[in-house]
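Colleague: return a 3D structure for these sequence lines:
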Amino acid sequence: MNCGVELLVAHLHELGHTDASVLRDANSQAYALIPGFEIPAGTFAGRKIDLAIQTQPDYPRSMGSSIHIRATPHLVPFGQALKNGVLIRNVIASGLGTDWQYWSYRFTVHPANPALELLAQINGVFRQN
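Modeller: The predicted structure follows:
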């Protein structure tokens, strides 16, 4: 287990997300799933969602460019949102199904502690919404 979604799931377990597991879409794209993820900050602080993190086969060397969110009702409408002229959110349909939303973001991680960095960036996404 040197790289890929299984490694990200193992890292998430180490960070206390012991219910994290592997999820695959119809095209076999891999995701690390954190069910019942509690949003820590921003407009949606305290809401619990299912969070699926698109994971590349060579994680932690590279990272996917999206998170997938399942919440009832959806947290935000589909489409783009600007804040002070800056794109803060681009939300489209997810390949995981109609109850999921694809939130497009560019994530970067470094080998020292990639899952912690990734979660910090995801929490930053929620802070700005």
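Colleague: can you list the strands that the lowest-mean-pLDDT helix or strand in the chain pairs with?
Modeller: Least confident element among the helices and strands of the chain, by mean pLDDT, DSSP states H and E: strand 79-83 (a mean of 71). Counting by DSSP bridges, the strands paired with strand 79-83 are strand 86-94 (antiparallel).
Colleague: please tell me how far the spatially closest residue to Pro114 that is not a sequence neighbour sits from Gly95.
Modeller: Nearest residue to Pro114 in three dimensions, chain neighbours excluded: Pro60, at 3.7 Å (Cβ to Cβ, 6 or more residues apart in numbering). Yep, even glycine has a C-beta here, placed from its N, CA and C like the rest. For Pro60, the distance to Gly95 (Cβ to Cβ, to the nearest Å) stands at 23 Å.
Colleague: ok, Ile49 next?
Modeller: Per Cβ to Cβ, Ile49 is found 17 Å from Gly95.
Colleague: so which strand or helix has the residue nearest to Pro114?
Modeller: Pro60 belongs to no helix or strand when elements are defined using DSSP states H and E.
Colleague: count the residues that sit near it.
Modeller: As a burial measure, Pro60 scores 22 neighbours (other Cβ atoms under 10 Å).
Colleague: and the pLDDT at it?
Modeller: In this model, Pro60 is scored at 90, pLDDT.
Colleague: that one against Ala112, yeah?
Modeller: No: counting by Cβ atoms under 8 Å, Pro60 stays clear of Ala112, with 9.4 Å between them.
Colleague: in which helix or strand does the most centrally placed residue in the chain reside?
Modeller: Geometric centre of the chain, nearest residue: Ile67, 3.2 Å, by Cα atoms, centre = their mean. For Ile67, the element it lies in under DSSP H and E is strand 66-70.
Colleague: no further questions, thank you.
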